[in-house]
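# here's my sequence, what's the structure:
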Amino acid sequence: MKKYLGIPYVWGGRTPQAGGFDCSGLLEYAFGKIGIDIAGTAQSQFDKTSPVSEENIKPGDLVFFSTYKPGASHVGMYIGNGQFINANSSNGTSFSSVEEWKKLYPFLGFRRI
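Down below sits the predicted model:
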């Protein structure tokens with residue numbers, strides 16, 4: 001995932017060749033590179049995964065928020081130490097703090113593929 005840092009945010013973006021990623025596109029692309037199909041929106045990725053308690057999270061788990069509509073509308077990959085990688089409209093593909101995002105948006109939890 002780190003190799004995609006700095007790539008711009010593009011609504012609906014699914015590949016670097018599209019000029020950038022949106023949040024679910026970033027995860028779809030990265031997991032696809034290792035043979036895991038998690039295609040779809042943040043909500044469909046939420047629906048394809050299983051909940052994990054905060055005490056049991058591991059790097060590679062997904063973290064979900066409700067940003068602009070009810071339900072899962074933002075997703076990132078937890079990398080440890082309270083951080084996750086995500087594609088967002090403010091910073092493109094970047095590191096973010098789980099705790100900071102929890103202050104801004106409803107937190108829907110951690111989930112595992």
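# now do the contacts for residue 71.
Shown in contact with residue 71 (Cβ atoms under 8 Å, 6 or more residues apart in numbering): 43, 46, 108. The way it works is simple: take the backbone N, C-alpha and C, and place the C-beta from them, glycine included.
# now do the contacts for the residue nearest to residue 38 when sequence neighbours are not counted.
Using Cβ to Cβ, 6 or more residues apart in numbering and skipping the chain neighbours, the partner closest in space to residue 38 is residue 31 (4.7 Å). By Cβ under 8 Å, 6+ apart, the contact set of residue 31 is 37, 38, 113.
# and the pLDDT for residue 31?
Note on residue 31: pLDDT of 95.
# could you check how far it is from residue 61?
From residue 31 across to residue 61, the span is 12 Å (Cβ to Cβ, to the nearest Å).
# the residue positioned nearest the centre of the chain: which element?
In the chain, the residue lying closest to the centroid (Cα atoms, centre = their mean) is residue 76, at 1.8 Å. Assigned by DSSP states H and E, residue 76 belongs to strand 74-80.
# so in that sheet, which strands flank that strand, and in what orientation?
Strand pairing for strand 74-80, determined by DSSP bridges: strand 62-65 (antiparallel), strand 83-88 (antiparallel).
# please convert these to a markdown table, extending it with distance to residue 50 and mean pLDDT.
As requested, the strands paired with strand 74-80 are exported to a markdown table (distance: least, Cβ to Cβ, whole Å; pLDDT from 0 to 100):
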| stretch | distance to residue 50 | mean pLDDT |
| --- | --- | --- |
| strand 62-65 | 10 | 98 |
| strand 83-88 | 18 | 97 |
